[in-house]
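> The following block contains a protein sequence and its predicted model.
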Amino acid sequence: MELENLIEPVVGLAEEAGRAILEVYSTDFDVQSKADESPLTQADLAAHHRIVAGLKSLTPAVPIISEEAGLPDFDERRSWDRYWLIDPLDGTKEFVNRNGEFTVNIALIRDNRPVLGVVHVPVRNKTYIGCEGVGAQLRGPDQTVEPIHVATSSSTPVRVVGSRSHRGASLDAYLGRLGEHDMVPMGSSLKFCIVAEGGADLYPRLGPTSEWDTAAAQAVVEQAGGSVVTLDGEPMTYNAKSDILNPHFFVIGARDRDWLALLSDSE
């Protein structure tokens, strides 16, 4: 199936998962803890089951990795040339805190790169889409579709988005070297999307993330003209090693400054 033909059914799955999440969101839900002490709710599981079932029906031969289903052994997945990578509810802490900053993330990875990404924001009923050969777009609550693009030049002060739940000394040191800036804390993959639509110049991530946290939104950023690079300036890749942890990275919108050059004393 052509990538472009996958957009509508995948958006539909993300929206369906979003509705399932909001059903739980409106209740007095229980919160469990996973092995790594991160939170888990019925919303995570409801979204997972809907997305996996839909993708299996849509592309039966394409493997699926979901945060809520564990990670297949690398000996099995290293030979995959394409697979779905999903985070059914990204930003569970934001969900638990009821601030609306959580997303549904569905990505298609091909040859270690995200080539299709859908990021749905249930509370706002907005969907960000990035598809190779099509570009990046934002679908609003009324289903209007508009193309999006990263900022062509950085603002003064620089507009930075960062994690609401994870900060750390390395990021503080970097921001100190950056100079005048406006820092907007935000949860989930929304940070990528704000860069993709030109609302921020930069998202430096100098803390832990997993591949399912970033893949869909990376596709959106890249198709909007931005980049997601590791600290050595190389594009971030997927399914290239046994674990699923990402290296530290930068999401870059405006390209008129050498953002990585400021890292020397912050790492």
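That came through, no problem.
> would you list every one of the helices in the stretch 51-200 of the chain?
74-77, 92-97, 169-178, 190-196 (DSSP state H, counting those that start in this stretch).
> possible to save those as JSON lines with distance to residue 104?
C-beta here means a position set from N, CA and C on the backbone, and glycine is covered the same way. Shown next, in JSON lines, are the helices of the stretch 51-200 of the chain (distance: least, C-beta to C-beta, whole Å):
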{"stretch": "helix 74-77", "distance to residue 104": "22"}
{"stretch": "helix 92-97", "distance to residue 104": "11"}
{"stretch": "helix 169-178", "distance to residue 104": "26"}
{"stretch": "helix 190-196", "distance to residue 104": "12"}
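> For residue 84, find the nearest of those helices.
In terms of C-beta to C-beta, the element of the helices of the stretch 51-200 of the chain nearest to residue 84 is helix 74-77, at 11.8 Å.
> Mean confidence (pLDDT) on the closest one, please.
If you average the pLDDT over helix 74-77, you get 96.
> what's the offset of the top helix by length along the chain from the middle of its chain?
Identified as the longest helix of the chain according to DSSP state H is helix 3-25. Counting by C-alpha atoms, centre = their mean, to the nearest Å, helix 3-25 is centred 15 Å from the centre of its parent chain.
> tell me which residues of that helix are tucked away?
Residues of helix 3-25 classed as buried by neighbour count (16 or more other C-beta atoms under 10 Å): 6-7, 10-11, 13-18, 20-21, 24-25.
> And the strands in the stretch 151-267 of the chain?
Along the stretch 151-267 of the chain, counting by DSSP state E, counting those that start in this stretch, strands occupy 158-163, 181-186, 202-205, 227-230, 249-252.
> what helices or strands is the last one leaning on?
In this case it means strand 249-252. Identification of packing neighbours for strand 249-252 by 3 or more C-beta pairs under 8 Å, 6 or more residues apart in numbering; DSSP states H and E yields helix 190-196, strand 202-205, helix 211-223, strand 227-230.
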